[in-house]
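>>> A structural model of the following input is requested.
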Amino acid sequence: MIQVIILNGGSSSGKTTIATALQDILPSPWLRLSIDTLVDAMPPRLLTSETGIAFGADGSVRPGQEFRRLESAWMQGIAAMAHAGARVIFDDVFLSGVDARNRWQAALAGVLVLWVGVRCDPAVAAERERGRGDRVTGMAVLQAQTVHAGIEYDIEVDTTKTSAMECAQRIAQLVDDRSVG
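Here you go, the predicted structure:
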């Protein structure tokens, strides 16, 4: 049975909304966590440090060595929860592309994972970003395509014209199909 669903997409692509919808429609309980949860849990000094995670005025994000160390521990923690029987939906932004997926694969060894690409037209994501007010302007456009470069998914959804609930229903169907076989 699928134990972890990883949603990868750029900022404001709809990952969190899809994750919440999945929690509503999947029959068993799933925990919802995200890269934002990790960032929010970090000491404030690491949010402005080159060794932590730096946010550029242009929307760029630069994770440093200390951030990567904490992220690795975080990934191991998610894996431990899955090994202990929790089912987890994790929304992430693969800033380092294939390297990010490889780090997750290593951490989640022995766990059945569903890899989901969440796409959104950059202009639509940028409009959502402006409406949110909690992101550096430019993140959505910078990340919309780059986070998907070289990544293979089990399923891809696009929230440009498709609702989060419809995307979640497609993903849930795949979870059901994979859990039966």
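
>>> thinking residue 22 is in contact with residue 169, fair?
No. Residue 22 is beyond contact range of residue 169, at 9.1 Å (criterion: Cβ atoms under 8 Å). For the C-beta atoms, the positions are set from N, CA and C on the backbone; glycine is no exception.

>>> can you check the pLDDT for the closest residue to residue 86 other than its chain neighbours?
The shortest distance from residue 86 to any non-neighbouring residue, by Cβ to Cβ, 6 or more residues apart in numbering, is to residue 31 (5.6 Å). pLDDT recorded at residue 31 is 98.

>>> what's near enough to touch residue 31?
Neighbouring residues of residue 31 by Cβ atoms under 8 Å, 6 or more residues apart in numbering: 81, 86, 87, 88, 89.

>>> which other helices and strands does the host helix or strand of the last one contact?
Using DSSP states H and E, the secondary-structure element containing residue 89 is strand 88-92. Taking 3 or more Cβ pairs under 8 Å, 6 or more residues apart in numbering; DSSP states H and E as the contact definition, the neighbouring helices and strands of strand 88-92 are strand 4-8, helix 15-25, strand 31-34, helix 35-41, helix 65-83.

>>> hey, which of those is tucked in deepest?
Among the helices and strands packed on strand 88-92, strand 4-8 has the highest mean neighbour count (mean count of other Cβ atoms under 10 Å), at a mean of 25.

>>> okay, now the sheet partners of it, with direction.
strand 88-92 (parallel), strand 113-119 (parallel) (DSSP bridges).

>>> gap between that strand and the chain center?
6 Å (Cα atoms, centre = their mean, to the nearest Å).

>>> what's the angle between that strand and helix 65-83?
Inter-element angle recorded for strand 4-8 and helix 65-83: 140 degrees (by axes from the mean of the first three to the mean of the last three Cα atoms, to 10 degrees).
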